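# My questions are about this predicted structure, shown below with the sequence.
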Amino acid sequence: MGGRRGSRTQRKHFKQSRENVWKRPKIDSSADPQNPNSDNPPWQPFATQNPSFDEYYKEQGIVSPDEWDAFIEMLRKPLPAAFRINSTSQFCEDIRSKLENDFMKSLQAEAIEGGDLEPIRPLPWYPDNLAWQSNFSRMQIRKNQTLERFHEFLKLETEVGNISRQEAVSMVPPLFLDVRPDQFILDVCAAPGSKTFQLLEIIHHSAKGGSLPDGMVLANDLDVQRCNLLIHQTKRMCTANLIVTNHEGQHFPGCRSHKNTSNGSEITNKLEQSTTQLLFDRVLCDVPCSGDGTLRKAPDIWRKWNGGMGNGLHCLQIQIAMRGLSLLKVGGRMVYSTCSMNPVENEAVVAEILRRSGGSVELVDVSDELPQLIRRPGLTKWKVRDKGVWLASYKDVCKFQRNGIVPSMFPSGKNSVDLTDNNQKSESGKNVNSEDRAQPDGPVSSTDNLEEEVSDLPLEHCMRIMPHDQNTGAFFIAVLHKVSNLPAIQDKPISSQGNLSTRNDELHEKLSHQATAEINGLEGSSVDGTDEKSLEVASEADEKISEVVSEAEENISQVASEADEKISVVEGGPDGVAPETNSSESAQAPADKKIGSVKVGEKRKLQIQGKWRGVDPVVFFKDEAIINSIRTFYGIDESFPFTGHLVTRNNETNHVKRIYYISKSVKDVLELNFRVGQQLKITSVGLKMFERQSSREGSSAPCSFRISSEGLPVILPYITKQILYASPADFKHLLQYKTIKFADFVDAEFGQKAANLMLGCCVIVLREGGKSLADHVQADTSTIAIGCWRGKASLSVMVTAIDCQELLERLSERMETEKGTLAQENHGELGEKQDMSGETRTSMDEHNVEAEKLDDMNVTA
């Protein structure tokens, strides 16, 4: 009975009428829109200008003065809608054909009337016409009645995963990664998931038909809510080669196993690496940024923008990129990208990466790749703006500004001032940071007398995509190649957290050195006593910081990666650096790259499950009784790899609702994660393959687990029981009516075979025209199949309504195509046969009967 009684909310309080301050009042239709003093002024569009923006980028010279007007004019226009066809979808060819032969022509006719040209077109630089851009904005597509059919098409195909809505420039970074199907790929800052989906497409499309790729994608994001968005996006891919984790990018765990698991047998280099340490062949670092390259789709950034936003994120971006490089294999490729135009977030970060790497990383010239993509070289000179003052080099930085401005922001990266002053505070006792104060209204200091620095690094190999070049958003991309191990000692970023205790600073310094040693140990040298010492220091840091956050009573394993997580909660980053808080305005970054934080001392009551609080554990499913019942019931071929490939998110076997299937590559990573104490905080893994049927009929069936729609394409070629092959007519009727009694099927033999199945889940495969019911269909990527439930007297579809609708449309289109082809064949035969013999007439009659059957079967959805 804690707390004061008087503070409890009583029922009588709710009887009082209270104003809802969150609900916006309705606009009075009688209000005068021309009257600025009206109580209900009409909605006003976002302002698409910002004097500070113009001044900043004119001075940086990101475009020539002659282009400035065209550049600004394009930024003020809405962004055209863009989307990508899923290359692994079994309907990929159908969708591409519909776009090329239907929508391009029909929308062109409508556009000519409206005066626009090329309303929809494939992006010329994207392979195989798989990416498309519409000159209509997303708002126009939603609101314009003439575009309703196109809008419905996009919605339906996006929902089922055949199409992904994605900004055109956002599709570029994965293309420069040069991904192959056998590679391990890390997407460090993955949410909302469009690029992750694209990476999965590439590895699956390049794999051998019908088999899972040998590689995998590990998608990570800091924010739990954004991880959920990421899972929702990638769920449409139906892949067993994905792991989603929830970590800070700059603290992503290395998962190094110190145990020698070799039993003397020959093990390849790659296998040994994948089972003893977590390294990647490709790394994508699409880091959090100020996001001013997205002004066309997020016009609210115009009023929020200020020059300090990039300064506040600079150090964090370096840390994430360096962590990505440390997890990259020698010989691997990393792409660093932002949706910002600010050189402090782009070229300055790349330059600092090259300096810290000491020749072990080189910037790749990819000017000969994707030649139809218009891009511009990176800048080699730029300035830094702080509190309305332009700074050309670090020597121009005043003493009280050095907590917010660091040498790496400048082209040379040189520090001409004694670094001992950098940890000092301003006179007020608070950390001073760029743009913390209001910007001056009058003209700022002139840059005429500043001595400009020019970088001597090959930054021209970076790529800048500008909006007015190809009617897109703005983007920055740099491709890095790791030629050797990173140097053992890397410069620590300057700490801006002067208010942290000396005790914690010392812990961070120790831990940083040990973490650096561990990173380089991942890439080469033999295991020695340094690793033991690293774990001891990490454990000590864990204990100390647990006291700070009042969680010392929690009995959590003290491993190095967990210490990193604890430190990040208290201090915001390694070495006490919290660059995302360097500027008050940096918190105004756009929603698509939000930076989360946890308050010091905040106590969240989360259920402890497995290693991580609030996250369901990942458990290998080893219940042989259930596995054998599934294998026997569906007649799953012995060649299908079951053992060690099934996982659940529940420790109690009797309460398992879903069983997930994982690929060999994901299995290796999970086994490594268990050996190192579950350092990875896994929010999603694998492909949902089996789901417990909780209905009354399901409990009485021989096998209570049904095959999920997501997992069916993977296991279909191995099923020998509970599978039937339906004619197009019966298949369409199932999709349309959802439940059909055995006696009501068009094909009586099919109805009888369905009645002979065992009670429970079954698979219905669409039989191609011309094949009899007895013919066995060899399943491949083009095979269309659905899961059904064989009840006591009927067959019921176990597919979502949206999937049924999509399948019905695809089948209707295919039947129309087949009917047209058949009519052409009939017409050709008539032209060739001048003598209409009885034999010819009989043949024609047979064709006409077939055409009539197709007409009868062409039921609309």
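Right, received. Where do you want to start? It should be emphasised that the depicted structure is a prediction, and the values quoted were computed from it without experimental measurement. Numbering: from 1, shown residues only.
# what's the spacing between the nearest residue to Gly751 once chain neighbours are set aside and Ala755?
Nearest residue to Gly751, sequence neighbours excluded (CB to CB, 6 or more residues apart in numbering): Phe745, at 3.8 Å. Using the backbone N, CA and C atoms, a C-beta is placed for each residue, glycine as well. As defined by CB to CB, to the nearest Å, Phe745 lies at a distance of 10 Å from Ala755.
# In this protein, where is pLDDT below threshold?
The chain contains residues with pLDDT under 70 at 1-45, 110-118, 145-146, 209-210, 258-275, 416-450, 489-610, 698, 769-779, 817-861.
# and Phe745 and Ala755? which has more neighbours close in?
Higher neighbour count among Phe745 and Ala755: Phe745, with 22 against 16, using other CB atoms under 10 Å.
# Could you report the distance from the residue nearest to Gly751 to Lys753?
Separation of Phe745 from Lys753 (CB to CB): 10 Å.
# name the element His232 belongs to?
helix 224-235 (DSSP states H and E).
# what packs against that helix?
Packed against helix 224-235 by the contact rule (3 or more CB pairs under 8 Å, 6 or more residues apart in numbering; DSSP states H and E) you find helix 194-206, strand 242-245, strand 682-685.
# 6 Å - rerun?
Contact analysis of helix 224-235 by 3 or more CB pairs under 6 Å, 6 or more residues apart in numbering; DSSP states H and E lists helix 194-206, strand 242-245 as its packing neighbours.
# Mind listing the strands the helix or strand that the first one is followed by pairs with, and their directions?
Spelled out, it's helix 194-206. Using DSSP H and E, the helix or strand that follows helix 194-206 in sequence is strand 216-220. Using DSSP bridges, the strands paired with strand 216-220 are strand 184-187 (parallel), strand 242-245 (parallel).
# His468: which of those strands is closest?
Across the strands paired with strand 216-220, His468 has its closest neighbour in strand 184-187 (29.4 Å, CB to CB).
# Go ahead and produce CSV holding the CA coordinates of that closest one.
Extracted C-alpha coordinates of strand 184-187, given in CSV (Å, rounded to 0.1, in the frame of the first residue of the first chain):
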residue,chain,number,x,y,z
PHE,A,184,27.8,-13.0,-45.0
ILE,A,185,26.3,-9.5,-45.1
LEU,A,186,25.9,-7.0,-42.2
ASP,A,187,23.4,-4.1,-42.5
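# Could you list the residues in contact with that strand?
Outside strand 184-187, the residues that touch it by CB atoms under 6 Å, 6 or more residues apart in numbering are Thr196, Leu199, Gly215, Met216, Val217, Leu218, Ala219, Phe280, Asp281, Arg282, Val283, Leu284.
# most neighbours, which of those residues?
For the contacts of strand 184-187, the largest neighbour count, defined by other CB under 10 Å, is 32 neighbours, found at Val217.
# which residues does that one bridge with?
Assigned bridge partners for Val217, using DSSP bridges, are Ile185, Leu242.
# my read: it touches Glu201, true?
No: counting by CB atoms under 6 Å, Val217 stays clear of Glu201, with 10.2 Å between them.
# before we move on, the earlier item: a markdown table for the strands paired with strand 216-220, including distance to Ser137?
A markdown table is the format used below for the strands paired with strand 216-220 (distance: least, CB to CB, whole Å):
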| stretch | distance to Ser137 |
| --- | --- |
| strand 184-187 | 28 |
| strand 242-245 | 31 |
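# Pick the most deeply packed of those.
Stretch with highest mean neighbour count among these: strand 184-187 (a mean of 28; mean count of other CB atoms under 10 Å).
# Dump the helices and strands packed on helix 224-235 to a markdown table, plus distance to Val797.
Converted to a markdown table, those look like this (distance: least, CB to CB, whole Å):
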| stretch | distance to Val797 |
| --- | --- |
| helix 194-206 | 26 |
| strand 242-245 | 27 |
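# so Leu379 is in which element?
Per DSSP H and E, there is no helix or strand for Leu379.
# list the buried ones in the helix holding His232?
Neighbour counts using 16 or more other CB atoms under 10 Å place Arg226, Cys227, Asn228, Leu230, Ile231, Gln233, Thr234, Lys235 of helix 224-235 among the buried residues.
# Same question for stretch 174-189.
174-181, 183-189.
# Would you check which pair of those residues lies furthest apart?
Based on CB to CB, the longest span within the buried residues of stretch 174-189 runs between Pro181 and Cys189 and measures 23.6 Å.
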